[in-house]
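**Q** Here's a sequence, model it:
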Amino acid sequence: MPHDTQALLLEVGTEEIPAGFLARALADLVTAVPAALAAARLSHGAVQIAGTPRRIAIAVAELAGRQPDLSERMVGPPVQAAYDKAGAPTRAALGFAEKNGVEVGSLEKSEVAGKKGQYVVCTRREPGRTALEVLPELITGLLGGIAWPKVMRWGRGEHVFVRPVHWLVALCGGEVVSLEFAGVKAGRASRGHRFLAPGPIELDGSWTAYQTALRGAHVIVEPERRRTMITAELARVEKESGARVRPDPALLDEVTFLVEYPVAVCGEFDRSFLEVPEEVVVSAMRAHQRYFAMEDAGGRLVNRFTTIAGTVVKDPAVVRDGNQRVLAARLADAQFFFREDQKHSPDQLAARLSGVVFQKKLGTIQQKVERVKALAVWIAGQTGVDAGVVGRAAELCKFDLTTMMVGEFPDLQGAMGRRYAELAGEDRRVCAAIAEHYLPRAAKDDPPASDAGSVVGLADRLDTLLRCFDVGLAPTGSADPYGLRRAALGVLRILLARDWRLPLAALVAQAGQPAGGLGAAAGPTGVQVLEFLRTRLRGHLVDVEGLAADCVDAALAAGFDDVPDARARAAALSRLRARADFEPLAAAFKRVANILKGETASGQPDPAVFVEDDERALWRSFGEIQGRVDGRLLDRDYAGALQILAELKAPVDRFFDKVLVMDKDERVRANRLALLGLINATFTRIADFRQLSV
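**A** Numbers count the residues shown, from 1 in each chain. Alright, predicted model coming up:
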């Protein structure tokens, strides 16, 4: 093989991969492939990642035919550890030489940047290998390293992958890469559509030719192209039917990864099923059958649906009839459940919660509801929200869990509670809060729109957090079976959305009060939950709101009990970072905090004790700005307060340059520490500047 650049084509063919698994894997490979090539010292051009339920495809353009030779300076043990008193090499030196493939006599003694003393060093040289020699290990490591949520074993259980592997293509410069993965040897033959073109397809290694060959075999390998085809198919159905497909981006995403060749088929169902609430009909179509709901020009649901078949349909009527029969059965069940549930009042249904276990260590859901109500009414008193509405919403917030409808359609909890409460004549604010208290369910969800829904949502999540932590159910590693990370983020997002400055410590303490037949959460539990909330708040501010990590750390170190306030301080500090003089300014603030570490700085400084002009100047400068800063802090104008505090930079710098804080005279030293302590106390109302990375 020539050592210039070549094209690499890799395809692993499997049984059908779940849509969610596939989308995540392809997204991960976008970064994993370049990282693996970089680690292997193989330069390359554009990387293409694609896939269908039956295949994952990777193409790399202009892949180097050979690694460059490696010449790397390696640092070993300190000289005193590498040689004994007689100058003979020790086991440390011998091991270092052997590890790097050099003779012990070639080791050198050298100073190393950032370290004290001399160290043993050597130059490790490794000749580059051809891409065909490197790729087998790289590819098997890459495929084996995909982080699937679940994997399978098949045959005798020797192989592990997301689904059984049936074929493997690995071509570099048109030449088959000699490797085996999951019991399958690499070749050059792919396969077409399972039904329309199941035979082998010989490939030459070109990405363009690969795409063309698969299209000819009714496989659209690129997800974005499939999405475009699905959108076009939905538009065709709209034109033919006169109804429009209800927008559903999440379902569109899922269906894109369910098919290799999308074809839309439109069907209909009996109009009588429209008496069932829209959300039930849509859930029956969407969650169970992956059908798109359809509506009229006014946005009202109509008795039509669209399904995306994964193959060209010879007789659309046959497919339509089959889908209609399946949906009719689901909707008939839903209609029956809807009628039966309405034979019982919300209070009657809520009474059944005494027989539903929340968690075996935490009693029933009825006990949880009692705790949530007590906490929600308390929060309502702190926020000025109508306690009557909140109390009633809390009483009914879980009643729909005992309905037949939610038993069959669990994704409708909250939505059915709202609907049944409306039909029973409950206050519309209570009905809205029943549905909203579950929000936000996921990162993309909005928090509750109403105050009552926000209060009940806070109470529900805080109770879950306190009780689960109290009985040892805190998340471990990536495992979080009770959704406590999501619950904590829900608490924080509600507080931020409503701008409620409720102290977290007070909320946690109140949530730990005994209610519903269970004892109070122990003191240490409250500490754990507060730290858990602090960690989630940091992640939200950094990862979601995009604030600088060290600015967030500095703001939270100064306090996070008031969540909206903590965000405001972190945001102001992040904006300060944009100033050209941020680093020297932050360094000046940081010097004040650092010198007080481990020192006692109490009381007011006495101007009569000042000795140096520069300490008097700092005292005057601080006195001139203190009132203005206090006013801005009172208004939570932290950006304005920081702007004023920036005026202290010059006098602070002069103070540290000219004044010895730790004077031998105890009275002078204490007075200077008191001055710095007073200034630092103002700084720390915004942030702990020691946390800044400057």
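**Q** buried residues in whichever strand or helix holds Thr535?
**A** Counting by DSSP states H and E, the element that carries Thr535 is helix 523-539. Neighbour-count burial for helix 523-539, counted by 16 or more other C-beta atoms under 10 Å, picks out 525-526, 528-530, 532-534, 536-538. From N, CA and C alone the C-beta is placed, and that goes for glycine too.
**Q** what comes up buried for the helix or strand following it?
**A** Using DSSP H and E, the helix or strand that follows helix 523-539 in sequence is helix 549-557. Residues of helix 549-557 classed as buried: 550-556 (neighbour count, 16+ other C-beta under 10 Å).
**Q** I'd like the mean pLDDT over the longest helix belonging to the chain, please.
**A** Identified as the longest helix of the chain according to DSSP state H is helix 316-341. Helix 316-341 carries an average pLDDT of 95.
**Q** Now do the contacts for His122.
**A** If you look again at residue 122, you'll see it is Cys, not His. Cys122 is in contact with 73-74, 76, 96-97, 100, 102, 106-108, counting by C-beta atoms under 8 Å, 6 or more residues apart in numbering.
**Q** what bridges to it?
**A** Cys122 has these beta-bridge partners by DSSP bridges: Met74.
**Q** for the chain, which spans come out with low pLDDT?
**A** Within the chain, the segments meeting pLDDT under 70 span 1-3, 514-523.
**Q** Could you list the domains of it?
**A** Per automatic domain parsing, the structural domains of the chain span 6-65+131-216, 70-126, 223-341, 360-546, 563-691.
**Q** residues in contact with stretch 497-510?
**A** Stretch 497-510 has contacts (C-beta under 8 Å, 6+ apart) with 375, 378-379, 382-383, 446-448, 451, 454, 458, 462, 466, 491, 494-495, 526, 529-530, 533, 560-565.
**Q** Could you work out the end-to-end span of it for me?
**A** Terminal residues of stretch 497-510 are spaced 21 Å apart (C-alpha to C-alpha, to the nearest Å).
**Q** ok, Ala7 - contacts?
**A** 59-63, 171-174, 205-207.
**Q** and these as JSON lines, adding secondary structure, neighbour count and distance to Asp581?
**A** Below are these laid out as JSON lines (DSSP: H, G, I helix; E, B strand; the rest coil; neighbours: other C-beta atoms under 10 Å; distance: C-beta to C-beta, whole Å):
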{"residue": "Ala59", "secondary structure": "strand", "neighbour count": "24", "distance to Asp581": "48"}
{"residue": "Val60", "secondary structure": "strand", "neighbour count": "24", "distance to Asp581": "45"}
{"residue": "Ala61", "secondary structure": "strand", "neighbour count": "15", "distance to Asp581": "45"}
{"residue": "Glu62", "secondary structure": "strand", "neighbour count": "13", "distance to Asp581": "45"}
{"residue": "Leu63", "secondary structure": "strand", "neighbour count": "20", "distance to Asp581": "47"}
{"residue": "Leu171", "secondary structure": "strand", "neighbour count": "23", "distance to Asp581": "56"}
{"residue": "Cys172", "secondary structure": "strand", "neighbour count": "23", "distance to Asp581": "53"}
{"residue": "Gly173", "secondary structure": "coil", "neighbour count": "18", "distance to Asp581": "55"}
{"residue": "Gly174", "secondary structure": "coil", "neighbour count": "14", "distance to Asp581": "58"}
{"residue": "Gly205", "secondary structure": "coil", "neighbour count": "21", "distance to Asp581": "56"}
{"residue": "Ser206", "secondary structure": "coil", "neighbour count": "16", "distance to Asp581": "55"}
{"residue": "Trp207", "secondary structure": "helix", "neighbour count": "19", "distance to Asp581": "50"}
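**Q** I'd like those residues laid out as TSV, including distance to Thr52.
**A** Below are those laid out as TSV (distance: C-beta to C-beta, whole Å):
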residue	distance to Thr52
Ala59	15
Val60	19
Ala61	21
Glu62	26
Leu63	24
Leu171	19
Cys172	23
Gly173	25
Gly174	24
Gly205	19
Ser206	19
Trp207	15
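**Q** Specify which member of these is nearest to Thr684.
**A** Nearest to Thr684 among those is Val60, at 52.3 Å by C-beta to C-beta.
**Q** hang on, the closest one packs against Ala36?
**A** No: using C-beta atoms under 8 Å, Val60 makes no contact with Ala36, being 10.3 Å away.
**Q** Which residue is the nearest non-sequential neighbour of His288?
**A** Arg330 (5.9 Å; C-beta to C-beta, 6 or more residues apart in numbering).
**Q** ditto for Ile595
**A** Distance criterion C-beta to C-beta, 6+ apart; nearest residue to Ile595, sequence neighbours excluded, is Val661 at 5.8 Å.
**Q** what about the one you found, which SS state?
**A** Here Val661 is coil, with the state taken from DSSP: H, G, I helix; E, B strand; the rest coil.
**Q** Please apply the same query to Trp378.
**A** helix.
**Q** how close does it sit to Glu370?
**A** Distance, Trp378 to Glu370, by C-beta to C-beta, to the nearest Å: 13 Å.
**Q** for Ala328, same thing?
**A** As judged by C-beta to C-beta, Ala328 and Glu370 stand 42 Å apart.
**Q** again, but for Tyr119
**A** From Tyr119 to Glu370 the distance is 67 Å (C-beta to C-beta).
**Q** mind listing the strands for the stretch 251-400 of the chain?
**A** Listed in chain order, the strands of the stretch 251-400 of the chain (DSSP state E, counting those that start in this stretch) span 263-268, 292-295, 301-309, 357-359, 363-364.
**Q** now do the stretch 451-600 of the chain
**A** Going by DSSP E, counting those that start in this stretch, the stretch 451-600 of the chain shows no strands.
**Q** How far off centre is stretch 18-37?
**A** 16 Å (C-alpha atoms, centre = their mean, to the nearest Å).
**Q** again, but for stretch 354-374
**A** That offset, for stretch 354-374, works out to 30 Å (C-alpha atoms, centre = their mean).
**Q** first to last residue in it, what's the distance?
**A** From its first residue to its last, stretch 354-374 covers 17 Å (C-alpha to C-alpha).
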